[in-house]
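Asker: could you look at this predicted model? Sequence included:
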Amino acid sequence: MLFNIKFTLFSPLEQFEIITLFPFNIKSFNISLTNSSIFIIFVSLILLLWLSMSFYKNNIIPNYWQLFFEEIYNLTSNIVRDNLNVKGEVYFPFIFTLHLFLLFCNLIGMIPYSFTVTSHIIFTFSLSLSIFIGINIIGLRTHGINFFALFLPRGVPLIIVPLIITIEFLSYIVKVFTLSIRLFANMTSGHTLLKIIAGFSWTMLISGGLISFFHIVPLILLIALIGLELAIAILQAYVFTLLTCIYLNDVLELH
């Protein structure tokens with residue numbers, strides 16, 4: 001029993017546990033505030049504060065806040081321009097907001113004792129599914145019934161039409177899962193590895209004797225992995241945004 005308690009307390013997966021902090025129910029609906037929902041609100045507030053600071057006293061020679069904002073703005077603008085061309089300008093506010101929100105969620109999740117919202121499949125899948133539904137609505141409004149030509153490439157022999165439609169439809173549906181699982185898996189695996197290496201280093205340090213001296217080895221590895229995880233956090237926000245633009249372009253151009 002004692003072993004199980006210790007294992008639970010020091011499990012690398014403990015950091016992903018969703019905890020109800022403020023329980024609240026309306027009849028049969030549970031709208032309690034959890035650590036996950038609170039961090040979503042916290043990230044949104046931090047994002048708004050950062051944007052306010054970026055727009056505060058803009059100068060021709062930008063300050064650090066303004067420079068950082070302009071770099072992310074230009075990066076997102078290039079993503080939209082390269083994948084959606086001029087027709088993507090109307091979708092830029094959403095793409096930019098999506099990019100910023102995921103970036104801040106990933107980066108704030110790197111702070112010790114914080115919570116990584118994007119490490120939960122329910123969040124990433126819900127976000128991907130919402131984007132997927134929105135993209136399909138845009139495609140239907142743009143092309144009408146011709147939107148379904150997306151599942152039947154031109155020049156396909158009639159005999160294999162059912163097979164091609166099935167394959168195209170399944171590959172189209174899979175986009176929801178690949179988009180959500182990629183972000184979830186990268187954030188979860190990276191944070192789990194950091195927790196394991198940190199725990200290993202701490203165990204060596206408190207063990208005493210000569211072995212405590214060698215805790216510096218996993219500690220150095222941990223510092224290197226933190227740098228790598230920061231790069232992955234930034235990259236995954238970029239990749240999610242990029243794929244969203246690519247999927248949106250597919251329904252606009254019927255590729």
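Answerer: That came in fine, so what should we check first? Remember, it's a predicted structure, so these values are computed and weren't measured experimentally.

Asker: now the helices: where do they sit in the stretch 1-150 of the chain?
Answerer: 2-9, 35-55, 64-84, 92-108, 121-143 (DSSP state H, counting those that start in this stretch).

Asker: what sits opposite residue 34 in the beta ladder?
Answerer: residue 20 (DSSP bridges).

Asker: just give me the neighbour total for it.
Answerer: 16 (other C-beta atoms under 10 Å). (Each C-beta comes from the backbone N, C-alpha and C, glycine too.)

Asker: next up, the contacts around it.
Answerer: 18, 19, 20, 21 (C-beta atoms under 8 Å, 6 or more residues apart in numbering).

Asker: and the residues you listed as a markdown table, adding distance to residue 217, neighbour count and pLDDT?
Answerer: A markdown table is the format used below for the contacts of residue 34 (distance: C-beta to C-beta, whole Å; neighbours: other C-beta atoms under 10 Å; pLDDT from 0 to 100):
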| residue | distance to residue 217 | neighbour count | pLDDT |
| --- | --- | --- | --- |
| 18 | 34 | 12 | 80 |
| 19 | 34 | 9 | 80 |
| 20 | 39 | 13 | 79 |
| 21 | 38 | 12 | 78 |
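
Asker: pLDDT below threshold where in the stretch 101-250 of the chain?
Answerer: 208-210 (pLDDT under 70).

Asker: run the last query once more with 80
Answerer: Across the stretch 101-250 of the chain, the ranges flagged by pLDDT under 80 are 112-113, 152-158, 199-215, 217-218.

Asker: and residue 227, how far is that from residue 118?
Answerer: 19 Å (C-beta to C-beta, to the nearest Å).

Asker: which one's more surrounded, the two?
Answerer: The neighbour comparison of residue 227 against residue 118 (other C-beta under 10 Å) goes to residue 118, with 24 against 9.

Asker: wait, isn't the more buried one in contact with residue 187?
Answerer: Yes: using C-beta atoms under 8 Å, residue 118 makes contact with residue 187 at a distance of 4.9 Å.

Asker: any common contacting residues for these two?
Answerer: With C-beta under 8 Å, 6+ apart, residue 118 and residue 187 have common neighbours 106, 109, 236.

Asker: which strand or helix spans the residue lying closest to the first one once chain neighbours are set aside?
Answerer: Nearest residue to residue 106, sequence neighbours excluded (C-beta to C-beta, 6 or more residues apart in numbering): residue 233, at 3.6 Å. Taking DSSP states H and E as the criterion, residue 233 maps to helix 216-253.
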